[in-house]
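Peer 1: sequence plus predicted model, see below.
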Amino acid sequence: MCGIAGIIGNYNREDQISFKELMSHRGPDGFGTYASENFCFMHSLLKIMDLSESSKQPMIDQTNGNVVIFNGSIFNYKELKKTFFSDEKFFSNTDTEVLLHMYRKFGLSFLEYIKGMYAIVIFDKKKIKFLYFEIDLVLSPFSSFIILILWFLHRK
């Protein structure tokens, strides 16, 4: 599975580098960051569905600027894409991008439609809010990141 992490509040470039090193075993296919003045998202990529460069995360909704990091699998993403967005252009063939579209269309109610195992963090640019969702069907996507949280808190 991929790896996701985020820092909300004060951080520096060294923090990002440390997280990248700690997450490297989770995704050998790339590492992405989204950095803002008050937060950053990081994603260690393991390509499974879409092997193109378009699958990289963090992913930004080009319509409203919302940002997502996601780990897991949305089992019904193709059905959701076909049902709700057949006329919309997608830049990737990923469940991640479908999540962005679902959140834009349904807000928090998007959770009622998705089926899968996941950890999702969305930054809603308009509301200036961070939203975290996780469902654990067998194994927690975030379970290996307890060490990252403890490491980061210990060094502050």
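Peer 2: Received the coordinates, thanks. Please read these numbers as outputs of a predicted model, since none were measured by experiment.
Peer 1: for the protein, what helix or strand is lowest in average pLDDT?
Peer 2: Ranked by mean pLDDT, DSSP states H and E, the weakest helix or strand in the chain is helix 146-155, scoring a mean of 49.
Peer 1: let me see the contact set for Val121.
Peer 2: 4, 6, 41, 68-70, 130-133 (CB atoms under 8 Å, 6 or more residues apart in numbering). In this view, the C-beta of every residue, glycine as well, is placed from N, C-alpha and C.
Peer 1: make JSON lines out of these and add pLDDT.
Peer 2: Below are those laid out as JSON lines (pLDDT from 0 to 100):
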{"residue": "Ile4", "pLDDT": "81"}
{"residue": "Gly6", "pLDDT": "80"}
{"residue": "Phe41", "pLDDT": "86"}
{"residue": "Val68", "pLDDT": "93"}
{"residue": "Ile69", "pLDDT": "89"}
{"residue": "Phe70", "pLDDT": "88"}
{"residue": "Phe130", "pLDDT": "86"}
{"residue": "Leu131", "pLDDT": "84"}
{"residue": "Tyr132", "pLDDT": "81"}
{"residue": "Phe133", "pLDDT": "79"}
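Peer 1: among the residues you listed, which ones are buried?
Peer 2: 4, 6, 41, 68-70, 131, 133 (16 or more other CB atoms under 10 Å).
Peer 1: low-confidence ranges, the protein, go.
Peer 2: 1, 25-28, 46-55, 136-156 (pLDDT under 70).
Peer 1: now with 50?
Peer 2: 138-144, 146-147, 150-151, 154 (pLDDT under 50).
Peer 1: which stretches of it form helices?
Peer 2: 13-23, 77-85, 95-106, 146-155 (DSSP state H).
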